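> when you get a sec, could you give me coordinates for this:
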Amino acid sequence: MNITSDFNFLNSKKTWNKVKTNNKKCKYIDDISNKKEAAIEYIAKLNVPALPKKNNKEIVLGTTKYLLPYYILTDYFITFAFDINIYTEQLNTILIDCIGNGYFNSKMIRIITTPDDIVDNNNNNNDNNDNIKIMGKEIKYLMDNFSIKIYKLIDATNIYYITLKNTIITRTDIAEFTFEDNKTTVNKLKLQVCNTNTDNCNTYAIIDNPVLMSDISMFDKNKLDKDIYAKDFYNIDNRLTIYNGVKLLFNQRKYNKIFGPNIDTILFCSTIDNFLKKQKFKSFLEIGIGSGYISKYIAVKDNNMKGTLIDIEPQSINFAKNKLGLPNILPNKWHKIKDKNFDIYKQNNYELIKGDALKLIYLMINNLWNNIYDLVICNPPYIPKQIEKKEIDPNDKEIAKNFFEGTYLMRYILKNLHYITSKSMIMILSSTSFQVPHVKDELNNLIKNGWYIKILLKRKIPLKVYNDKGEYIHDDKKWTEFLLNNKTIVIGTEKFKQGAILYNSKPLPLYHIIYIVEISKKI
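Predicted coordinates:
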């Protein structure tokens, strides 16, 4: 008898199924043996001290090697694990800011660390002191800037708690950003916190010639208290943007896959306002609507214009349907149109398209889309990648992977503009865009074919961009070196700066110039 072969045979799935078929009592074995989840959970609980109440979940932060029990106990913890092999100082700085600014929406956070990371300023040798003064430089930063306390869990070697003191924000608070202009450009930003229950508003700062909406580092010159700003603005989910009577309430945490209004948005609207006063259009198309604020602004200023709003991100279209507040629109009255290429929703003068703008342009090129628009609006990605191909083929697999990064989308629209609009387009460019020479080539080709380019607005602003590793753009030396330039180029009759400019200012030393340009067909 071959013991090995018989043993393998007896343990095979086929044999076990045969035994079960011949003996119904074996079904009971299945019922009582399928308990591995319970066994794993039991062991996990033995390895986690101070277990919270079930479904009263704690936030847990730490490196991967300590967090297996927490990942198992999903009814008790929301776990964020950081891979120590790729965790950088820059990422750590971002994490600490997120904790201090209330991103995790919790008054208490459990940190799993190692004893070697702990330093007690009052008594370095006393591990029983439950008020840890410093836990590395990051915890000192938290305590100094965000009124945070650190507690060590007694009888646990590697568990500490962060608690936020004096939290004054409530669910009814709204962070309000009100922009004003001087009839030519945006020149003021008022920051307030308003309570919807009492209608009381506290004004914290009025910033002249704003270049960013919500960056603490930019407010020193405006005498804004950083601690107050951190507590009263960063902890608020709902943000109300107001410009020239047009309002948008946006919850960035809820709609986390799209960007709310930013300084580009407001500058764009100020430009469009002046533009629409000089000429009339019957229809507009916005490519990549994001929060939809620009389209709403156009619709409010001229509600006779028909508008088409397209975005590939479902959250964006859902927000536009239910929360944007276009004129004379009810959230539950959209009519879904049958179409093999897109999800299309129509109501009154407006059309929402959930789908790829590249496909829409392709249909236009091939006369498979009935509409051509008087006015096209686009705020595309404008920061170039270090290597970009000259040919813009969305079917190229290498390009398709990152088509919405760099200048590919911008160049594709410029290349095919005559298929999309019969009159004009308003678009944002950056001085850094011209580091890819093909951007200039596409603009010059338009001029050769009977279009003209006019700068409607330009403004120097910080280049606040992250790379794929989560680092600020100026911490990526190769990318920074690629972007740096300070020469002037001429396109048509207009002069543009090319590249980014490096200053000695901290923490945002890299600046660029954004241009809002009109590209119109010569009559």
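> low-confidence stretches in the stretch 401-523 of the chain?
401-405, 466-475, 504-508 (pLDDT under 70).
> how about a cut-off of 80?
401-405, 464-477, 503-509, 523 (pLDDT under 80).
> following the record's annotation, map out the domains of the protein.
According to automatic domain parsing, the chain comprises the domains 42-164, 173-236, 262-459+513-521.
> pipe those into JSON lines and attach mean neighbour count per row.
For the C-beta atoms, the positions are set from N, CA and C on the backbone; glycine is no exception. Converted to JSON lines, these look like this (neighbours: other Cβ atoms under 10 Å):
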{"stretch": "domain 42-164", "mean neighbour count": "15"}
{"stretch": "domain 173-236", "mean neighbour count": "16"}
{"stretch": "domain 262-459+513-521", "mean neighbour count": "18"}
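> in CSV: these, plus distance to Glu494.
CSV is the format used below for those (distance: least, Cβ to Cβ, whole Å):
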stretch, distance to Glu494
domain 42-164, 37
domain 173-236, 18
domain 262-459+513-521, 5
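> between those, which one is closest to Arg253.
Across those, Arg253 has its closest neighbour in domain 42-164 (7.5 Å, Cβ to Cβ).
> mean confidence (pLDDT) on that closest one, please.
Confidence for domain 42-164, expressed as mean pLDDT, is 64.
> swap in stretch 368-385?
Stretch 368-385 comes out with an average pLDDT of 90.
> ends of it, how far apart?
Distance across stretch 368-385, first residue to last, is 32 Å (Cα to Cα, to the nearest Å).
> try stretch 314-332
Its start and end residues considered, stretch 314-332 measures 17 Å (Cα to Cα).
> quick thing: my sequence starts at 38, can you match it?
I'll keep to 38 as the first residue from here, and by that count the last item is stretch 351-369.
> what's in contact with it?
Contact partners of stretch 351-369, identified using Cβ atoms under 8 Å, 6 or more residues apart in numbering, comprise 284-287, 292-295, 326-329, 332-333, 336-337, 340, 344, 346, 348, 371, 380, 382, 384-387, 389-391.
> and for stretch 476-489?
421, 444, 447-448, 451-452, 454-455, 466, 470-471, 490, 526, 528-530, 556-559.
> after the host helix or strand of Leu313, next one along is what?
Assigning secondary structure by DSSP states H and E places Leu313 in helix 300-315. Per DSSP H and E, the first helix or strand lying C-terminal to helix 300-315 is strand 320-324.
> so that following strand versus helix 300-315, what angle?
Going by axes from the mean of the first three to the mean of the last three Cα atoms, to 10 degrees, strand 320-324 is angled at 170 degrees with respect to helix 300-315.
> put the alpha carbons of strand 320-324 into PDB.
Presented in PDB, the C-alpha positions along strand 320-324 are these (Å, rounded to 0.1, in the frame of the first residue of the first chain):
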ATOM      1  CA  SER A 320     -25.100  77.800 -26.900                       C
ATOM      2  CA  PHE A 321     -22.100  76.800 -24.900                       C
ATOM      3  CA  LEU A 322     -20.200  73.500 -24.100                       C
ATOM      4  CA  GLU A 323     -18.000  73.100 -21.000                       C
ATOM      5  CA  ILE A 324     -15.500  70.300 -21.300                       C
END
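> what helices or strands is the helix or strand just after it leaning on?
Once the chain leaves strand 320-324, the next helix or strand it forms, by DSSP H and E, is helix 330-338. On a contact count with 3 or more Cβ pairs under 8 Å, 6 or more residues apart in numbering; DSSP states H and E, helix 330-338 meets strand 283-288, helix 300-315, strand 320-324, strand 343-348, strand 410-415.
> ok, now with 10 Å
In terms of contact count using 3 or more Cβ pairs under 10 Å, 6 or more residues apart in numbering; DSSP states H and E, helix 330-338 is assigned the packing partners strand 275-280, strand 283-288, helix 300-315, strand 320-324, strand 343-348, strand 387-391, strand 410-415.
> wait, which of the ones you listed is closest to Leu521?
That would be helix 300-315 among the helices and strands packed on helix 330-338, by Cβ to Cβ, at 21.5 Å.
> can you give me the mean pLDDT across that closest one?
Regarding helix 300-315, the rounded mean pLDDT is 90.
> relative orientation of it and strand 283-288 in degrees?
Using the same axes, to 10 degrees: helix 300-315 against strand 283-288 is 160 degrees.
> helix 300-315 versus strand 410-415: what angle between them?
160 degrees.
> kindly format the C-alpha coordinates of helix 300-315 as CSV.
Written as CSV, here are the backbone C-alpha positions of helix 300-315 (Å, rounded to 0.1, in the frame of the first residue of the first chain):
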residue,chain,number,x,y,z
ILE,A,300,-8.8,80.5,-7.7
ASP,A,301,-8.7,79.4,-11.3
THR,A,302,-12.5,79.0,-11.3
ILE,A,303,-13.1,82.5,-10.0
LEU,A,304,-10.6,84.2,-12.3
PHE,A,305,-12.2,82.3,-15.2
CYS,A,306,-15.7,83.6,-14.2
SER,A,307,-14.5,87.2,-13.9
THR,A,308,-13.1,86.9,-17.5
ILE,A,309,-16.2,85.3,-18.9
ASP,A,310,-18.4,88.0,-17.3
ASN,A,311,-16.6,90.7,-19.3
PHE,A,312,-16.6,88.6,-22.4
LEU,A,313,-20.3,87.9,-22.4
LYS,A,314,-21.1,91.6,-22.0
LYS,A,315,-19.4,92.3,-25.4
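> and the angle for that helix with helix 330-338?
If you take the same axes, to 10 degrees, helix 300-315 sits at 30 degrees to helix 330-338.
> take the contacts of stretch 476-489 and keep only those in helices.
447-448, 451-452, 454-455 (DSSP state H).
> could I get those as a markdown table with distance to Leu83?
A markdown table is the format used below for the ones in helices among the contacts of stretch 476-489 (distance: Cβ to Cβ, whole Å):
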| residue | distance to Leu83 |
| --- | --- |
| Met447 | 57 |
| Arg448 | 59 |
| Leu451 | 63 |
| Lys452 | 63 |
| Leu454 | 66 |
| His455 | 70 |
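> any idea which of those residues is closest to Ile498?
When the ones in helices among the contacts of stretch 476-489 are ranked by distance to Ile498 (Cβ to Cβ), Met447 comes first, at 18.0 Å.
> returning to that earlier point: so for Leu226, which of the helices and strands packed on helix 330-338 sits nearest?
The nearest among the helices and strands packed on helix 330-338, by Cβ to Cβ, is helix 300-315 at 8.5 Å.
> chain neighbours aside, what residue packs nearest to Ile450?
Distances taken as Cβ to Cβ, 6 or more residues apart in numbering place Cys415 nearest to Ile450, at 6.1 Å, with adjacent residues excluded.
> what does Asn237 give?
The shortest distance from Asn237 to any non-neighbouring residue, by Cβ to Cβ, 6+ apart, is to Cys231 (7.0 Å).
> try Leu226
Pro247 (3.9 Å).
> per-residue confidence at the one you found?
Listed pLDDT for Pro247 reads 84.
> distance check, it against Leu454.
31 Å (Cβ to Cβ, to the nearest Å).
> same check, this time on Val476
Per Cβ to Cβ, Val476 is found 13 Å from Leu454.
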